[in-house]
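*Asks:* prediction below, plus the sequence it came from.
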Amino acid sequence: MEAKAVLNYARISNRKVGIVLDLIRNKPVDEARAILRHTPKAASILVEKLLASAVANAENNFNMDTSKLYVSETFANQGPTLKRVRPRAQGRAFRIRKRTSHITVVVKEKE
């Protein structure tokens, strides 16, 4: 059994989120929460909320024991890029890419 939570269209690059996700992969939920709480990255706040959602899904939808849960799978895929324009010298325009990502956290119960 596994429970997952997905955050689509998060306004942060998937590369930045991936750094935080690598820290908590294959860790028990309590340890993952502690790591996220003490990681000074913008993505850690989003991932912490997502982890809490995945744990709540496991508890309420699948009747799993929260003390036995661990983070089995985490990944961040690239979402659509918002394109903006920045004015530059001599009437030129430079493109600004505001990247988004789709973040997924999966928790499983230890046997």
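*Replies:* Good, I have the coordinates. Numbers count the residues shown, from 1 in each chain.
*Asks:* surely residue 86 meets residue 98?
*Replies:* No: Residue 86 is not in contact with residue 98 according to CB atoms under 8 Å; the separation is 11.4 Å. For the C-beta atoms, the positions are set from N, CA and C on the backbone; glycine is no exception.
*Asks:* just want to know which of those two has more residues nearby.
*Replies:* residue 98 (12 against 9; other CB atoms under 10 Å).
*Asks:* which strand or helix spans residue 5?
*Replies:* Following DSSP states H and E, one finds residue 5 within strand 2-10.
*Asks:* parallel or antiparallel, list what pairs with that strand.
*Replies:* strand 101-109 (antiparallel) (DSSP bridges).
*Asks:* who's in contact with the strand it pairs with?
*Replies:* 1-10, 12-14, 17, 21, 29, 46-47, 50-51, 53-55, 58, 64-65, 68-79 (CB atoms under 8 Å, 6 or more residues apart in numbering).
*Asks:* got the contact list for the host helix or strand of residue 70?
*Replies:* Secondary structure assignment for residue 70, by DSSP H and E: strand 69-78. With contacts defined as CB under 8 Å, 6+ apart, strand 69-78 is touched by 2, 4, 14, 17-18, 21-22, 24-29, 32, 47, 51, 55, 58, 99-110.
*Asks:* mind running it again at 7 Å?
*Replies:* Contacts of strand 69-78 with the rest of the structure, by CB atoms under 7 Å, 6 or more residues apart in numbering, involve 2, 14, 17-18, 21, 24-29, 32, 55, 58, 101-110.
*Asks:* what angle separates the helix or strand just after that strand from strand 2-10?
*Replies:* Downstream of strand 69-78, the next assigned helix or strand under DSSP H and E is strand 82-87. Between strand 82-87 and strand 2-10, the angle comes out at 30 degrees (axes from the mean of the first three to the mean of the last three CA atoms, to 10 degrees).
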